[in-house]
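[1] The following block contains a protein sequence and its predicted model.
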Amino acid sequence: MAFLSSMNIVGSGLTAQQVRLDVISENVTNANTTRLENGEGPYRRKMTVFQAENGRNAFRMAMARAAQGLAPNRGYESVGGVKVTQIAEDPTDFKLVYDPTHPDANEDGYVELPNVDMVKEITDAMAATQAYSANVTAFNALKAVVSKGMEIGR
């Protein structure tokens, strides 16, 4: 059933954006962490990396099957979506602040602060929230279509 594939696509988008929001909240939480648990330097900002699943070729194959008069969705278990491939660390430099009284200050009196920029994090959180809302809207539209389809059989 094609609508189940659509639900899988929307569900993968919801899951990916939830992971993105989790990573953003971890970044915001550690915005002032100057020393990690293992004693290494300050916290390094993390980012989510998304990758499309089966998008381009699956559509092309479905169109080719339809042109041949065959059922376009036969034999395709997953027609698309998105997945989080990795949670990468941001390689940008740490911020240096002069504070010789800080316990993590170096011999010159500078403290390395995390490379977390709150403006960037808030912007990313707003974008992730909007994408999540768009997926919820798509799910509700799909639900309405399925509901109307079920009424036809009555």
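    Done, it's in.
[2] The chain: strands as residue ranges?
    Per DSSP state E, the chain carries strands over the ranges 46-52, 82-89, 95-98, 110-113.
[3] Got phi/psi on Glu40?
    Note on Glu40: backbone dihedrals following degrees, to the nearest 10 are phi -70, psi 170.
[4] remind me which residues of this structure are low pLDDT?
    Applying pLDDT under 70 to the chain flags residues 1-3, 54-62, 70-79.
[5] Could you point out the longest helix of it?
    If you go by DSSP state H, the chain has its longest helix at helix 118-152.
[6] Run through the neighbouring helices and strands of it.
    Secondary-structure packing of helix 118-152 (3 or more CB pairs under 8 Å, 6 or more residues apart in numbering; DSSP states H and E): helix 2-29. Where you see a C-beta, it was placed from the backbone N, CA and C, and this is true even at glycine.
[7] The helix it packs on to strand 46-52, inter-axis angle?
    Helix 2-29 and strand 46-52 are oriented at 170 degrees to each other (axes from the mean of the first three to the mean of the last three CA atoms, to 10 degrees).
[8] Just the angle for helix 2-29 relative to strand 82-89, thanks.
    If you take the same axes, to 10 degrees, helix 2-29 sits at 20 degrees to strand 82-89.
[9] Only the buried residues of helix 2-29, if you could.
    Within helix 2-29, the residues that count as buried by 16 or more other CB atoms under 10 Å are 5-10, 12-14, 16-17, 19-21, 23-24, 27.
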